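1. The sequence and its predicted three-dimensional model are supplied below.
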Amino acid sequence: MNLRTAFTTPPVPLELPKGFRDAAVLVPIWQEQLLLTVRSANLNSHAAQISFPGGRLDEGESYEQCALREAWEEVGLPGEHVEIVGRLSPLLSPFGFRVFPVVGLVTQEPQLDLNAHEVDKVLWVPITELQTTAAYTEVRQLNRLPPNVRPEVREVFVAPDSPFKARLWHYPWKGYDIWGLTGNIVHELLERIRAAEG
């Protein structure tokens, strides 16, 4: 599986809607396994859900710098042990973020140190198992947003003519449901790998 060849096509651009902020996540791959986190049940957003390490961009950061910093802060993955190979297409989060997935190959066996405030555990998920799982999709009109979502963000998603009906992918894996933004990132990654392998 030559993952580098999956990123010869650039990601689909996405304009930053009014009221949204930029964020990035790292999609770490070690020996053809994805590193995913199970978020702490005590967090204010996406509690107990499965995600990639990531967060909001700091002033002056690139998407790659943000993704690497967040991976270090959340799971103790050193940035110098990650080779960035490309980006996936940005997505909108109903929490008001335009999220850029940055794909990186982990170059040394990971010795992780989890931030217990943010991460309960990590999952190492073989890409080949995701390729054969019984994935399914649903389309949602995002009209039930969390109460703390900013009004301008809510307007983007709940307007009657909103183009942002969310097609959400689900990838069941060993009792976990990898879905939503994370499921959509996984889906594009698998599609790119499939296309690269011909």
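-> Everything's here; your move.
2. And the contacts of stretch 177-196?
-> Residues from elsewhere that reach stretch 177-196, judged by C-beta atoms under 8 Å, 6 or more residues apart in numbering: 1-3, 5-9, 25, 27, 34, 36, 49-52, 88-89, 91, 93, 99, 101, 103, 125, 127, 130-131, 135, 167-172. Where C-beta positions appear, they are placed from N, C-alpha and C, glycine not excepted.
3. ugh, typo on my part, it should be stretch 55-70
-> In this structure, residues lying in contact with stretch 55-70 by C-beta under 8 Å, 6+ apart are 21-26, 53-54, 73, 79, 82, 84, 87, 97, 100, 102, 104.
4. give me the element Asp113 is part of.
-> Element membership for Asp113, per DSSP states H and E: none, as it lies in no helix or strand.
5. Number of residues surrounding the spatially closest residue to it that is not a sequence neighbour?
-> What sits nearest to Asp113 in space, not counting adjacent residues and going by C-beta to C-beta, 6 or more residues apart in numbering, is Gly76, at 3.2 Å. Each residue near Gly76 was counted by other C-beta atoms under 10 Å, and the total is 14.
6. On the pLDDT front, check Gly76 for me.
-> The pLDDT attached to Gly76 in the predicted structure is 97.
7. Show me what the residue nearest to Ala23 when sequence neighbours are not counted bridges to in the sheet.
-> Beyond its immediate neighbours in the sequence, the residue positioned closest to Ala23 (C-beta to C-beta, 6+ apart) is Phe97, lying 4.2 Å away. Here Phe97 shows beta-bridge partners Arg21, Ser93, assigned using DSSP bridges.
8. List the buried residues in stretch 103-122.
-> 103-106, 110, 114, 118-119, 122 (16 or more other C-beta atoms under 10 Å).
9. mind giving me a markdown table with those and columns for secondary structure?
-> What follows is the buried residues of stretch 103-122, written out as a markdown table (DSSP: H, G, I helix; E, B strand; the rest coil):
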| residue | secondary structure |
| --- | --- |
| Val103 | strand |
| Gly104 | strand |
| Leu105 | strand |
| Val106 | strand |
| Pro110 | coil |
| Leu114 | coil |
| Glu118 | coil |
| Val119 | strand |
| Val122 | strand |
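10. Of all those residues, the one with the weakest confidence?
-> When the buried residues of stretch 103-122 are compared by pLDDT, Glu118 scores lowest at 86.
11. Now do the contacts for that one.
-> Applying C-beta under 8 Å, 6+ apart, we find Glu118 in contact with 37, 39-40, 43, 73-74.
12. Could you report the separation of it from Glu73?
-> Between Glu118 and Glu73 the computed distance is 8 Å (C-beta to C-beta, to the nearest Å).
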